[in-house]
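>>> sharing a model that was predicted from the sequence below.
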Protein chains: 2
Amino acid sequence: MIHPIPSGTRDVLPDELRELRAITDGIRGVFDSFGYGEVATPALEYESVLTRGDTAAADPAYRLFDEHGNVLVLRPDMTIPIARVVATRYSTSEIPLRFSYVAHAYRAIKQHRLQPREILQAGIELVGAPGPTGTAEAITVLCAALDAAGLASYRVGLGDASLFPRALAAAGVHDTGPILKELAARDMVGLERELRAVDAVGLLDIARARGGVEIVPEGEPLREVFELLAPDVAERVIFDLGLVRTLGYYTGPVFEVYDAAFGSPLGGGGRYDDLLGRFGRSLPAAGWALDVERVHAAVLGEGR
Amino acid sequence: MIHPIPSGTRDVLPDELRELRAITDGIRGVFDSFGYGEVATPALEYESVLTRGDTAAADPAYRLFDEHGNVLVLRPDMTIPIARVVATRYSTSEIPLRFSYVAHAYRAIKQHRLQPREILQAGIELVGAPGPTGTAEAITVLCAALDAAGLASYRVGLGDASLFPRALAAAGVHDTGPILKELAARDMVGLERELRAVDAVGLLDIARARGGVEIVPEGEPLREVFELLAPDVAERVIFDLGLVRTLGYYTGPVFEVYDAAFGSPLGGGGRYDDLLGRFGRSLPAAGWALDVERVHAAVLGEGR
């Protein structure tokens, strides 16, 4: 007899779950030590609430209706639910507020890609601490979490979601949509085509720039973030000026975690200074999420 | 601004989540010490798979469609998913198999009852250990979990899902549906009416019988289960011959946890010797689930 489960989901058996649990326990210890209180939110949210935070949230993995005909979706991440919690349950609380979570998120996937739809995430949201200080704290907690997970050779790619749009504006380019779409997809061929079409192919150098702090233009906030990092954190950072995250709410520095033992980013995050205001309490914020199963795969890979 | 969340769901903030976590950590320690390996399964299952285990699973809290038009539901419990895992991933493994979980389940609720739809459960499934030995082990682990959670004054109500149906058969009653429905609802007025209609009102005494082992008829398997319990577990047991669980797959002894500090059962379980066979590996089994938030409320209530 065959008993299928939905594509993009899987069963986790005891040996593997024990190892995943060791990773999340270690990360939770880091959250505790930095004062990030764990929260839990419903797996289902009203779509109208999620799209208030990010219109891209309107493309969820699963959509259903409640008994009143309202559209519910399985949360695609925890950032928007926590923004909702801050606005509704912490509307007058002193800042900064520090929250953490270990929870499943649900993503739409392209068919036949064998990507997971149900993702176990561990992450934080730091609300009310402006950049660069807040950004530097978020990156510091991120590295502590990766250390606690047992990863040795990870790197944190650091960019700024506002850098390329500002360069486009300075070059007089107004129709930025197609260009940013290619940049987000990391499609350098497509990006060159789009930049050529608006006579701004010189900006390709920014999108390709990866390296030490020397590649960051003077006066960029990224430099100030970097100066706030302790040496053991700073040595993990690789600047990546073409880095933008696909989620629409990032406003400033963004980052992604790489490990040579795993072919895709293990997680990432960044600043989202406009998101909380959409829920009624305007506060700067930064956060990140790690894909726990990818972190686990990288830990195993490093050990080989 | 109002940002609603679906009825029957809620946000759990750090102070409460820390207390819930202490309870689940304690219970997980018990699972480990008794050799119950933790498993995780997808939140969504094909409805056709769940209804193979229990036709009552066809009344889920939420139903949706995948891209091929198949019906998916948020799992109403973990017992059927684990039966599926046993049949597919442990089809030739040595028995007994011991599994545990700490996971959310999703229930249909009657409107306006303010009941939760998203329930955090901690539980076990013991597969391949026949009753009464297996049942006694399940109850032993249950009491150890409740002890670890910090509950002092709980009781375990113990009945047998097959006892009343057997008594009806012995009395020559064949149309048992309406009678068992009233019994499951614990509606003694309705039960009396239905029993009177079939001239079997004497069976009302069985449904009402609660007390020590002396109320259990000689030869009932419940007596043998009781004799296998250590004294500190046995002293928690109250026999309740009218106890049946509403889930349709129970075949023998069933139990529920009560605490004076909380008005509803904190959880329960029982034997389900026919369920695994429906998935292709016929094995006797027993299991239970605790509602972690109810256990938490009872712990707080006992402390007052």
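Done, it's in.
>>> hmm, the helix or strand containing A:Ala136 in reach of chain B?
Assigned by DSSP states H and E, A:Ala136 belongs to helix A:133-149. No. Contact of helix A:133-149 with chain B (C-beta under 8 Å from any C-beta of the partner chain) is absent, the minimum separation being 15.7 Å. Heads up, the C-betas are built off the backbone N, CA and C, glycines and all.
>>> contact partners for the closest residue to A:Phe226 other than its chain neighbours?
Leaving aside its sequence neighbours, A:Phe226 sits nearest to A:Val213 (C-beta to C-beta, 6 or more residues apart in numbering or on different chains; 5.2 Å). Neighbour list for A:Val213: A:223, A:226, A:239 [criterion: C-beta atoms under 8 Å, 6 or more residues apart in numbering or on different chains].
>>> state the number of residues packed around the second one.
Residues within reach of A:Phe226, counting by other C-beta atoms under 10 Å in any protein chain shown, total 22.
>>> over to the first one?
One way to gauge burial is a neighbour count; for A:Arg223, by other C-beta under 10 Å, it gives 14.
>>> next, it: phi, psi?
phi -60, psi -40 (degrees, to the nearest 10).
>>> what is the nearest of the contacts of A:Val213 to chain B?
A:Phe226 (30.8 Å; C-beta to the nearest C-beta).
>>> which ones are touching that closest one?
Contacts of A:Phe226 by C-beta under 8 Å, 6+ apart are A:158, A:213, A:216, A:234, A:237, A:239.
>>> same question for A:Arg75.
A:41-45, A:50, A:81, A:105-106.
>>> mind redoing it with 6 Å?
A:45, A:81, A:105 (C-beta atoms under 6 Å, 6 or more residues apart in numbering or on different chains).
>>> nearest to chain B among those residues?
A:Glu45 (6.6 Å).
>>> what about that closest one, how many residues nearby?
26.
>>> hang on, the earlier thing: pick the one among the contacts of A:Phe226 closest to chain B.
Among the contacts of A:Phe226, and counting by C-beta to the nearest C-beta, the member closest to chain B is A:Leu158, at 28.8 Å.
>>> which element follows the helix or strand containing the closest one toward the C-terminus?
Following DSSP H and E, one finds A:Leu158 within strand A:154-160. Per DSSP H and E, the first helix or strand lying C-terminal to strand A:154-160 is helix A:163-170.
>>> in a markdown table: the contacts of A:Arg75, plus distance to chain B, pLDDT and secondary structure.
Converted to a markdown table, those look like this (distance: C-beta to the nearest C-beta, whole Å; pLDDT from 0 to 100; DSSP: H, G, I helix; E, B strand; the rest coil):
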| residue | distance to chain B | pLDDT | secondary structure |
| --- | --- | --- | --- |
| A:Glu45 | 7 | 94 | strand |
| A:Pro81 | 8 | 96 | helix |
| A:Ala105 | 11 | 95 | strand |
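>>> nearest to B:Leu13 among those residues?
B:Leu13 has its nearest neighbour among these in A:Pro81, at 12.6 Å by C-beta to C-beta.
>>> apart from its neighbours in sequence, what residue is nearest that closest one?
A:Pro81's closest residue in space is A:Thr41 (C-beta to C-beta, 6+ apart), at 4.1 Å.
>>> surely that neighbour is in contact with B:Val12?
No. Here A:Thr41 does not reach B:Val12: they are 7.7 Å apart, not a contact under C-beta atoms under 6 Å.
>>> contacts for the helix holding A:Ala136, please.
Contacts for helix A:133-149 (C-beta under 6 Å, 6+ apart): A:23, A:26-27, A:30, A:34, A:124, A:126, A:154, A:225, A:228-229, A:233, A:236, A:253, A:271, A:286, A:288, A:295.
>>> what angle sits between it and strand A:154-160?
160 degrees (axes from the mean of the first three to the mean of the last three C-alpha atoms, to 10 degrees).
>>> pLDDT on helix A:133-149, on average?
Helix A:133-149 carries an average pLDDT of 98.
>>> next, the buried residues of it.
Residues of helix A:133-149 classed as buried by neighbour count (16 or more other C-beta atoms under 10 Å in any protein chain shown): A:133-149.
>>> going by distance to A:Pro96, which of the contacts of A:Arg75 wins?
A:Pro81 (18.5 Å).
>>> centre of the chain to stretch A:23-36, how far?
Mean-position distance between stretch A:23-36 and its chain equals 18 Å (C-alpha atoms, centre = their mean, to the nearest Å).
>>> same deal with stretch A:137-151?
So, by C-alpha atoms, centre = their mean, the centroid of stretch A:137-151 is 14 Å from its chain's centroid.
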